[in-house]
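Q: one predicted model, sequence on top.
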Amino acid sequence: MRIEVNVPNLPESVSDATLLDWHKKPGDPVQKNENLVDLETDKVVLEVPVPEDGVLQEICRNKGDLVTGGDLIAVIETEARPAATAAKAEAARESSKPEPGKTGVEPKAEPVREVRESPKASTKPEPQRLEAVEPEPPAPKADYTQPLSPAVRRLLMEHNLDPAEIPSNGRLTKQEVLSYLDSRKSTVRRMPAARPVRTEAPIQIPIAERPAPREPSFRERRVPMTRLRARIAERLLEAQRTTATLTTFNEVNLQKIFDLRNQHRAKFEQQYQIKLGFMSFFVKAAVEALKRFPIINASIEGNDIVYHDYYDIGIAVSTDRGLVVPVLRDADRLGFAEIEKAVMEFSQKARDGKLSFEELNGGTFTITNGGIFGSMLSTPILNPPQSAILGMHAIKDRPVVEDGQIVVRPMIYLALSYDHRIIDGREAVSCLFTIKELLEDPTRLLLGV
(Lines give C-alpha, C1' and ligand atoms only; values in the text may rest on other atoms or scores of the structure.)
Protein backbone atom coordinates (compact mmCIF):
# COMPACT_ATOMS: atom_id res chain seq x y z
CA MET A 1 0.00 0.00 0.00
CA ARG A 2 1.26 3.47 -0.91
CA ILE A 3 1.54 5.91 2.03
CA GLU A 4 2.40 9.57 1.55
CA VAL A 5 4.59 11.40 4.08
CA ASN A 6 3.71 15.09 4.43
CA VAL A 7 5.24 18.00 6.33
CA PRO A 8 3.45 18.30 9.68
CA ASN A 9 1.51 21.44 10.50
CA LEU A 10 3.88 24.22 11.50
CA PRO A 11 3.16 26.69 14.34
CA GLU A 12 1.53 29.99 13.46
CA SER A 13 4.79 31.93 13.93
CA VAL A 14 6.63 29.68 11.43
CA SER A 15 5.79 30.05 7.73
CA ASP A 16 8.12 27.40 6.29
CA ALA A 17 10.97 25.03 7.08
CA THR A 18 14.17 23.85 5.42
CA LEU A 19 14.66 20.16 4.68
CA LEU A 20 17.81 19.58 6.72
CA ASP A 21 18.78 15.94 6.27
CA TRP A 22 17.34 12.60 5.13
CA HIS A 23 18.10 9.62 7.37
CA LYS A 24 17.05 7.05 4.74
CA LYS A 25 17.60 6.52 1.01
CA PRO A 26 15.09 5.24 -1.56
CA GLY A 27 14.87 1.46 -1.23
CA ASP A 28 15.80 1.41 2.47
CA PRO A 29 13.48 -0.39 4.91
CA VAL A 30 11.80 1.89 7.45
CA GLN A 31 10.02 1.22 10.71
CA LYS A 32 7.09 3.02 12.28
CA ASN A 33 8.02 6.08 14.42
CA GLU A 34 11.60 5.97 13.14
CA ASN A 35 13.03 9.42 12.32
CA LEU A 36 12.81 9.80 8.55
CA VAL A 37 13.89 13.38 7.94
CA ASP A 38 14.83 16.54 9.89
CA LEU A 39 13.17 19.88 9.16
CA GLU A 40 14.92 23.04 10.34
CA THR A 41 12.93 26.13 11.27
CA ASP A 42 14.21 29.43 12.59
CA LYS A 43 13.79 28.13 16.14
CA VAL A 44 14.03 24.33 16.37
CA VAL A 45 14.70 21.19 14.35
CA LEU A 46 11.60 19.04 13.79
CA GLU A 47 11.73 15.29 13.30
CA VAL A 48 9.27 13.71 10.85
CA PRO A 49 8.56 10.11 11.94
CA VAL A 50 7.77 7.15 9.68
CA PRO A 51 3.98 6.53 9.72
CA GLU A 52 4.09 2.76 8.93
CA ASP A 53 6.57 -0.08 8.43
CA GLY A 54 7.66 -0.53 4.84
CA VAL A 55 10.20 0.61 2.26
CA LEU A 56 11.04 4.19 1.34
CA GLN A 57 9.96 4.15 -2.29
CA GLU A 58 10.44 7.80 -3.29
CA ILE A 59 11.93 11.05 -1.97
CA CYS A 60 10.00 14.03 -3.33
CA ARG A 61 12.06 16.88 -1.87
CA ASN A 62 15.82 17.31 -1.76
CA LYS A 63 18.05 18.46 1.05
CA GLY A 64 17.96 22.26 1.37
CA ASP A 65 14.46 22.69 -0.14
CA LEU A 66 11.94 24.99 1.53
CA VAL A 67 8.73 23.23 2.52
CA THR A 68 5.47 24.28 4.17
CA GLY A 69 2.87 22.42 6.21
CA GLY A 70 1.18 19.64 4.23
CA ASP A 71 3.81 19.41 1.44
CA LEU A 72 4.48 15.89 0.13
CA ILE A 73 8.09 14.92 0.86
CA ALA A 74 8.22 11.12 0.55
CA VAL A 75 6.31 7.96 -0.40
CA ILE A 76 6.44 4.70 1.56
CA GLU A 77 5.32 1.34 0.16
CA THR A 78 4.23 -1.01 2.94
CA GLU A 79 4.18 -4.16 0.75
CA ALA A 80 7.46 -3.65 -1.09
CA ARG A 81 10.67 -5.47 -0.36
CA PRO A 82 13.80 -3.59 0.62
CA ALA A 83 16.17 -2.80 -2.22
CA ALA A 84 18.94 -4.88 -0.66
CA THR A 85 16.71 -7.98 -0.51
CA ALA A 86 15.61 -7.47 -4.10
CA ALA A 87 19.20 -7.09 -5.21
CA LYS A 88 20.17 -10.35 -3.49
CA ALA A 89 17.27 -12.19 -5.16
CA GLU A 90 18.27 -10.81 -8.54
CA ALA A 91 21.87 -11.91 -7.98
CA ALA A 92 20.66 -15.39 -7.01
CA ARG A 93 18.63 -15.66 -10.21
CA GLU A 94 21.61 -14.61 -12.27
CA SER A 95 23.87 -17.18 -10.60
CA SER A 96 21.31 -19.97 -11.22
CA LYS A 97 21.45 -19.50 -15.00
CA PRO A 98 23.52 -22.20 -16.85
CA GLU A 99 27.02 -21.28 -17.89
CA PRO A 100 27.57 -20.62 -21.60
CA GLY A 101 30.18 -23.36 -21.96
CA LYS A 102 27.87 -26.09 -20.69
CA THR A 103 24.95 -25.29 -22.97
CA GLY A 104 27.00 -25.27 -26.18
CA VAL A 105 26.37 -21.62 -26.76
CA GLU A 106 29.51 -19.70 -27.36
CA PRO A 107 29.88 -16.74 -25.03
CA LYS A 108 29.78 -13.39 -26.68
CA ALA A 109 33.12 -11.80 -27.17
CA GLU A 110 33.60 -8.75 -25.04
CA PRO A 111 34.00 -5.58 -27.06
CA VAL A 112 37.52 -4.30 -27.28
CA ARG A 113 37.78 -1.31 -25.02
CA GLU A 114 39.79 1.57 -26.32
CA VAL A 115 42.79 2.32 -24.16
CA ARG A 116 43.28 6.00 -23.83
CA GLU A 117 46.42 7.58 -22.65
CA SER A 118 46.19 9.82 -19.65
CA PRO A 119 46.06 13.47 -20.70
CA LYS A 120 48.72 14.28 -18.15
CA ALA A 121 51.08 11.68 -19.58
CA SER A 122 50.66 12.90 -23.16
CA THR A 123 50.59 16.65 -22.71
CA LYS A 124 52.85 17.42 -19.79
CA PRO A 125 56.56 17.13 -20.68
CA GLU A 126 58.90 15.55 -18.21
CA PRO A 127 60.72 18.30 -16.30
CA GLN A 128 64.35 18.74 -17.29
CA ARG A 129 67.05 17.80 -14.85
CA LEU A 130 69.96 20.02 -13.94
CA GLU A 131 73.24 18.61 -15.23
CA ALA A 132 76.53 19.02 -13.44
CA VAL A 133 78.36 19.74 -16.73
CA GLU A 134 78.70 23.44 -17.55
CA PRO A 135 76.84 24.53 -20.68
CA GLU A 136 79.09 25.49 -23.57
CA PRO A 137 79.20 29.28 -23.99
CA PRO A 138 78.30 30.65 -27.40
CA ALA A 139 81.13 31.26 -29.88
CA PRO A 140 82.80 34.70 -30.01
CA LYS A 141 82.62 37.00 -32.97
CA ALA A 142 83.64 35.55 -36.29
CA ASP A 143 86.55 37.93 -36.86
CA TYR A 144 88.57 36.47 -33.95
CA THR A 145 90.40 33.27 -34.95
CA GLN A 146 92.36 32.34 -31.82
CA PRO A 147 90.99 29.40 -29.78
CA LEU A 148 89.43 30.30 -26.42
CA SER A 149 88.98 28.31 -23.24
CA PRO A 150 85.44 27.86 -21.80
CA ALA A 151 86.27 30.15 -18.83
CA VAL A 152 87.38 32.94 -21.17
CA ARG A 153 84.35 32.52 -23.38
CA ARG A 154 82.07 32.77 -20.36
CA LEU A 155 83.70 36.01 -19.18
CA LEU A 156 83.41 37.49 -22.65
CA MET A 157 79.78 36.56 -22.80
CA GLU A 158 78.93 37.84 -19.29
CA HIS A 159 80.57 41.23 -19.84
CA ASN A 160 79.71 41.64 -23.51
CA LEU A 161 83.39 41.90 -24.60
CA ASP A 162 85.05 41.67 -27.99
CA PRO A 163 88.18 39.43 -27.73
CA ALA A 164 89.88 41.43 -30.48
CA GLU A 165 89.85 44.54 -28.27
CA ILE A 166 91.65 42.89 -25.35
CA PRO A 167 95.46 43.13 -25.38
CA SER A 168 97.06 39.66 -25.47
CA ASN A 169 100.49 38.07 -26.00
CA GLY A 170 98.97 35.29 -28.07
CA ARG A 171 96.13 33.03 -26.94
CA LEU A 172 93.76 35.05 -24.78
CA THR A 173 93.79 33.93 -21.13
CA LYS A 174 91.36 34.36 -18.25
CA GLN A 175 93.82 36.59 -16.36
CA GLU A 176 94.11 38.95 -19.35
CA VAL A 177 90.35 39.30 -19.50
CA LEU A 178 90.14 40.07 -15.76
CA SER A 179 92.95 42.66 -16.07
CA TYR A 180 91.11 44.30 -18.94
CA LEU A 181 87.92 44.47 -16.85
CA ASP A 182 89.79 46.06 -13.93
CA SER A 183 91.24 48.72 -16.23
CA ARG A 184 87.80 49.56 -17.58
CA LYS A 185 86.32 49.91 -14.08
CA SER A 186 88.99 52.39 -13.12
CA THR A 187 88.23 54.65 -16.11
CA VAL A 188 84.49 54.63 -16.80
CA ARG A 189 81.48 52.64 -15.71
CA ARG A 190 79.47 51.26 -18.55
CA MET A 191 75.67 51.66 -18.26
CA PRO A 192 73.50 48.66 -19.21
CA ALA A 193 71.62 50.74 -21.80
CA ALA A 194 74.86 51.33 -23.74
CA ARG A 195 75.41 47.65 -24.43
CA PRO A 196 75.22 46.79 -28.11
CA VAL A 197 72.50 44.44 -29.22
CA ARG A 198 73.86 40.93 -29.56
CA THR A 199 72.57 38.44 -32.07
CA GLU A 200 73.59 35.39 -30.06
CA ALA A 201 70.92 33.64 -28.03
CA PRO A 202 71.34 34.06 -24.24
CA ILE A 203 72.48 31.17 -22.13
CA GLN A 204 69.47 29.26 -20.87
CA ILE A 205 69.96 27.38 -17.64
CA PRO A 206 67.22 24.84 -16.88
CA ILE A 207 65.15 25.77 -13.82
CA ALA A 208 63.26 23.22 -11.80
CA GLU A 209 59.49 23.45 -12.07
CA ARG A 210 57.88 25.50 -9.31
CA PRO A 211 54.43 24.63 -7.95
CA ALA A 212 51.68 26.87 -9.22
CA PRO A 213 50.31 29.35 -6.67
CA ARG A 214 47.21 28.21 -4.81
CA GLU A 215 43.88 29.36 -6.07
CA PRO A 216 41.83 31.54 -3.69
CA SER A 217 39.33 28.70 -3.27
CA PHE A 218 41.91 26.75 -1.27
CA ARG A 219 41.99 29.47 1.40
CA GLU A 220 38.32 30.13 1.99
CA ARG A 221 35.11 28.17 2.40
CA ARG A 222 31.57 29.29 1.71
CA VAL A 223 28.66 27.65 3.51
CA PRO A 224 25.04 28.85 3.73
CA MET A 225 23.67 30.12 7.04
CA THR A 226 21.43 27.76 8.94
CA ARG A 227 17.87 28.91 9.52
CA LEU A 228 18.63 29.36 13.21
CA ARG A 229 21.75 31.45 12.56
CA ALA A 230 19.91 33.63 10.05
CA ARG A 231 17.10 34.17 12.57
CA ILE A 232 19.60 35.07 15.30
CA ALA A 233 21.23 37.62 13.00
CA GLU A 234 17.83 39.09 12.12
CA ARG A 235 16.78 39.44 15.76
CA LEU A 236 20.09 40.98 16.85
CA LEU A 237 19.88 43.60 14.12
CA GLU A 238 16.27 44.24 15.06
CA ALA A 239 17.28 44.77 18.69
CA GLN A 240 19.99 47.23 17.68
CA ARG A 241 17.66 49.19 15.38
CA THR A 242 14.52 49.33 17.51
CA THR A 243 15.78 49.70 21.09
CA ALA A 244 17.76 52.30 23.02
CA THR A 245 20.09 49.87 24.76
CA LEU A 246 22.20 50.89 27.74
CA THR A 247 24.21 48.68 30.10
CA THR A 248 25.02 49.05 33.79
CA PHE A 249 27.61 46.94 35.64
CA ASN A 250 28.32 45.77 39.17
CA GLU A 251 30.49 43.19 40.91
CA VAL A 252 29.33 40.58 43.39
CA ASN A 253 31.12 38.74 46.17
CA LEU A 254 29.98 35.10 45.99
CA GLN A 255 31.78 33.88 49.11
CA LYS A 256 28.57 33.20 51.08
CA ILE A 257 27.04 31.28 48.17
CA PHE A 258 30.21 29.17 47.97
CA ASP A 259 30.00 28.47 51.71
CA LEU A 260 26.30 27.61 51.48
CA ARG A 261 26.83 25.24 48.56
CA ASN A 262 29.76 23.51 50.23
CA GLN A 263 27.73 23.08 53.42
CA HIS A 264 24.61 21.57 51.84
CA ARG A 265 25.84 20.19 48.49
CA ALA A 266 25.97 16.51 49.47
CA LYS A 267 22.56 16.46 51.18
CA PHE A 268 20.98 18.48 48.37
CA GLU A 269 22.28 16.09 45.70
CA GLN A 270 21.23 13.05 47.73
CA GLN A 271 17.69 14.33 48.24
CA TYR A 272 16.97 15.80 44.78
CA GLN A 273 19.33 13.78 42.53
CA ILE A 274 20.71 16.98 41.01
CA LYS A 275 23.76 19.12 41.74
CA LEU A 276 23.33 22.49 43.39
CA GLY A 277 24.73 24.96 40.87
CA PHE A 278 24.86 28.74 40.67
CA MET A 279 22.08 29.36 38.15
CA SER A 280 19.29 28.71 40.66
CA PHE A 281 20.66 31.44 42.93
CA PHE A 282 20.80 33.93 40.04
CA VAL A 283 17.27 33.04 38.87
CA LYS A 284 15.88 33.44 42.39
CA ALA A 285 17.68 36.76 42.88
CA ALA A 286 16.54 38.05 39.48
CA VAL A 287 12.90 37.14 40.13
CA GLU A 288 12.95 38.91 43.50
CA ALA A 289 14.49 42.01 41.90
CA LEU A 290 11.88 41.98 39.12
CA LYS A 291 9.13 41.91 41.72
CA ARG A 292 10.55 45.05 43.30
CA PHE A 293 11.07 46.81 39.96
CA PRO A 294 8.20 45.72 37.66
CA ILE A 295 9.28 48.00 34.81
CA ILE A 296 12.32 45.74 34.22
CA ASN A 297 9.90 42.86 33.55
CA ALA A 298 7.73 44.94 31.18
CA SER A 299 7.75 45.33 27.38
CA ILE A 300 6.61 47.81 24.74
CA GLU A 301 3.71 47.17 22.36
CA GLY A 302 3.08 50.15 20.11
CA ASN A 303 2.54 53.12 22.40
CA ASP A 304 1.70 50.94 25.41
CA ILE A 305 3.84 49.57 28.22
CA VAL A 306 2.79 46.00 29.07
CA TYR A 307 3.53 44.96 32.66
CA HIS A 308 3.86 41.22 33.15
CA ASP A 309 2.73 39.92 36.53
CA TYR A 310 4.37 36.57 35.87
CA TYR A 311 8.06 35.68 35.64
CA ASP A 312 9.05 33.57 32.64
CA ILE A 313 12.84 33.62 32.68
CA GLY A 314 14.73 32.77 29.50
CA ILE A 315 18.00 30.88 29.98
CA ALA A 316 20.39 31.36 27.05
CA VAL A 317 21.98 28.07 25.95
CA SER A 318 24.77 27.78 23.38
CA THR A 319 24.60 24.93 20.85
CA ASP A 320 26.51 23.91 17.73
CA ARG A 321 23.75 25.46 15.63
CA GLY A 322 23.65 28.75 17.54
CA LEU A 323 22.22 30.38 20.65
CA VAL A 324 18.75 29.35 21.83
CA VAL A 325 16.76 30.69 24.78
CA PRO A 326 14.38 28.15 26.35
CA VAL A 327 11.96 29.68 28.85
CA LEU A 328 11.61 28.73 32.51
CA ARG A 329 7.88 29.22 33.10
CA ASP A 330 6.66 30.75 36.39
CA ALA A 331 10.14 30.76 37.86
CA ASP A 332 8.81 32.48 41.02
CA ARG A 333 6.94 29.29 41.90
CA LEU A 334 9.92 26.95 41.48
CA GLY A 335 12.35 25.81 44.15
CA PHE A 336 16.11 25.58 43.82
CA ALA A 337 16.02 21.90 42.83
CA GLU A 338 13.29 22.44 40.23
CA ILE A 339 15.26 25.27 38.64
CA GLU A 340 18.46 23.21 38.51
CA LYS A 341 16.63 20.26 36.94
CA ALA A 342 14.93 22.48 34.35
CA VAL A 343 18.22 24.15 33.38
CA MET A 344 19.90 20.74 33.02
CA GLU A 345 17.04 19.47 30.81
CA PHE A 346 17.20 22.60 28.66
CA SER A 347 20.92 22.13 28.10
CA GLN A 348 20.51 18.47 27.11
CA LYS A 349 17.56 19.14 24.80
CA ALA A 350 19.37 22.05 23.16
CA ARG A 351 22.42 19.91 22.39
CA ASP A 352 20.20 17.14 20.97
CA GLY A 353 17.98 19.57 19.03
CA LYS A 354 14.90 18.38 20.95
CA LEU A 355 13.57 21.74 22.19
CA SER A 356 9.94 22.39 21.25
CA PHE A 357 8.35 25.62 20.04
CA GLU A 358 6.51 26.01 23.33
CA GLU A 359 9.78 25.90 25.27
CA LEU A 360 11.27 28.68 23.13
CA ASN A 361 8.32 31.08 22.91
CA GLY A 362 7.64 34.00 25.21
CA GLY A 363 9.76 35.01 28.17
CA THR A 364 9.77 38.28 30.10
CA PHE A 365 13.44 38.45 31.14
CA THR A 366 16.63 36.64 30.04
CA ILE A 367 19.79 35.49 31.81
CA THR A 368 22.90 34.69 29.76
CA ASN A 369 26.13 33.25 31.13
CA GLY A 370 29.25 34.04 29.11
CA GLY A 371 31.40 33.06 32.07
CA ILE A 372 31.31 29.39 31.12
CA PHE A 373 33.43 30.35 28.10
CA GLY A 374 35.79 32.55 30.14
CA SER A 375 34.23 35.97 29.47
CA MET A 376 35.18 38.55 32.10
CA LEU A 377 32.91 41.38 30.94
CA SER A 378 30.45 42.01 28.12
CA THR A 379 27.35 43.99 27.17
CA PRO A 380 24.54 41.52 26.38
CA ILE A 381 22.09 42.42 23.62
CA LEU A 382 18.37 42.55 24.38
CA ASN A 383 16.08 39.70 23.40
CA PRO A 384 13.05 41.54 21.91
CA PRO A 385 10.33 42.18 22.93
CA GLN A 386 11.92 41.91 26.38
CA SER A 387 13.27 45.12 27.88
CA ALA A 388 16.19 43.80 29.93
CA ILE A 389 18.77 41.00 30.06
CA LEU A 390 21.23 39.97 32.79
CA GLY A 391 24.74 38.92 31.79
CA MET A 392 26.84 36.67 34.05
CA HIS A 393 30.59 36.32 33.66
CA ALA A 394 33.51 34.25 34.89
CA ILE A 395 33.98 33.82 38.65
CA LYS A 396 37.55 34.75 39.60
CA ASP A 397 39.41 35.01 42.89
CA ARG A 398 40.31 38.67 43.40
CA PRO A 399 41.58 40.73 46.32
CA VAL A 400 38.88 42.81 48.01
CA VAL A 401 38.73 44.91 51.16
CA GLU A 402 36.58 43.64 54.04
CA ASP A 403 36.61 45.40 57.43
CA GLY A 404 39.79 47.19 56.47
CA GLN A 405 41.58 43.97 55.51
CA ILE A 406 42.59 42.77 52.04
CA VAL A 407 41.18 39.28 51.49
CA VAL A 408 40.72 37.03 48.45
CA ARG A 409 37.12 36.35 47.44
CA PRO A 410 35.35 34.70 44.48
CA MET A 411 34.09 37.70 42.51
CA ILE A 412 31.88 38.01 39.45
CA TYR A 413 30.94 40.93 37.22
CA LEU A 414 27.27 41.32 36.34
CA ALA A 415 25.92 43.38 33.43
CA LEU A 416 22.31 44.50 33.04
CA SER A 417 21.38 45.77 29.57
CA TYR A 418 18.04 47.57 29.38
CA ASP A 419 15.82 49.49 26.98
CA HIS A 420 16.24 53.13 27.95
CA ARG A 421 12.96 54.03 26.23
CA ILE A 422 10.94 52.79 29.22
CA ILE A 423 13.57 52.01 31.87
CA ASP A 424 15.44 54.86 33.51
CA GLY A 425 18.91 54.52 34.93
CA ARG A 426 17.61 54.67 38.49
CA GLU A 427 15.43 51.57 38.07
CA ALA A 428 18.10 49.66 36.18
CA VAL A 429 20.91 50.42 38.62
CA SER A 430 18.67 49.75 41.63
CA CYS A 431 17.53 46.42 40.15
CA LEU A 432 21.09 45.25 39.56
CA PHE A 433 22.14 46.40 43.03
CA THR A 434 19.25 44.41 44.51
CA ILE A 435 20.49 41.30 42.70
CA LYS A 436 23.96 41.99 44.10
CA GLU A 437 22.66 42.27 47.69
CA LEU A 438 20.61 39.07 47.43
CA LEU A 439 23.54 37.09 46.05
CA GLU A 440 25.99 38.38 48.64
CA ASP A 441 23.57 37.35 51.40
CA PRO A 442 21.58 34.39 50.00
CA THR A 443 19.63 33.86 53.24
CA ARG A 444 17.61 36.94 52.23
CA LEU A 445 16.24 34.90 49.32
CA LEU A 446 14.63 32.52 51.81
CA LEU A 447 13.34 35.27 54.06
CA GLY A 448 12.19 37.59 51.27
CA VAL A 449 13.96 40.61 52.73
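A: Everything's here; your move. Owing to the predicted nature of the structure, the values given are computational and were not obtained by experimental measurement.

Q: would you map the helices across the stretch 151-300 of the chain?
A: Using DSSP state H, counting those that start in this stretch, the helices found in the stretch 151-300 of the chain span residues 174-187, 227-242, 255-272, 279-292.

Q: quick one, which of the ones you listed is packed in tightest?
A: Most buried of the helices of the stretch 151-300 of the chain by mean neighbour count (mean count of other C-beta atoms under 10 Å) is helix 279-292; its value is a mean of 21. For every residue, glycine as well, the C-beta is placed using N, CA and C.

Q: now do that one: distance to the chain's middle.
A: Relative to the centre of its chain, helix 279-292 is centred 34 Å away, using C-alpha atoms, centre = their mean, to the nearest Å.

Q: for it, packing partners?
A: In terms of contacts (3 or more C-beta pairs under 8 Å, 6 or more residues apart in numbering; DSSP states H and E), helix 279-292 is packed against strand 313-315, helix 336-352, strand 365-369, strand 388-392, helix 425-440, helix 443-447.

Q: out of these, which is closest to residue 30?
A: helix 336-352 (21.4 Å; C-beta to C-beta).

Q: does anything pack onto that closest one? Which helices or strands?
A: If you count contacts as 3+ C-beta pairs under 8 Å, 6+ apart, helix 336-352 packs onto helix 255-272, helix 279-292, strand 317-319, strand 327-328.

Q: just the angle between the second one and helix 336-352, please?
A: So that's helix 279-292. Here helix 279-292 runs at an angle of 110 degrees relative to helix 336-352 (axes from the mean of the first three to the mean of the last three C-alpha atoms, to 10 degrees).

Q: next: the first one.
A: Helix 255-272 and helix 336-352 are oriented at 80 degrees to each other (the same axes, to 10 degrees).

Q: for residue 385, see how far away residue 154 is.
A: 85 Å (C-beta to C-beta, to the nearest Å).

Q: my bad, should have said residue 65
A: Distance, residue 65 to residue 385, by C-beta to C-beta: 32 Å.

Q: which one of these two is surrounded by more residues?
A: residue 385 (18 against 13; other C-beta atoms under 10 Å).

Q: what's the local residue count around the closest residue to that one other than its chain neighbours?
A: Spatially, and ignoring its direct neighbours in sequence, residue 385 is nearest to residue 299 (4.4 Å; C-beta to C-beta, 6 or more residues apart in numbering). Each residue near residue 299 was counted by other C-beta under 10 Å, and the total is 19.

Q: again with residue 168
A: 13.

Q: longest single strand anywhere in the chain?
A: Identified as the longest strand of the chain according to DSSP state E is strand 405-419.

Q: tell me the strands beside that one, with direction?
A: Sheet partners assigned to strand 405-419 using DSSP bridges are listed as strand 245-253 (antiparallel), strand 388-392 (antiparallel), strand 396-402 (antiparallel).

Q: if you compare those, which one is most tucked away?
A: Greatest average neighbour count among those goes to strand 388-392 (a mean of 25), per mean count of other C-beta under 10 Å.

Q: what inclination does it have with respect to strand 365-369?
A: Orientation of strand 388-392 against strand 365-369 (the same axes, to 10 degrees) gives an angle of 20 degrees.
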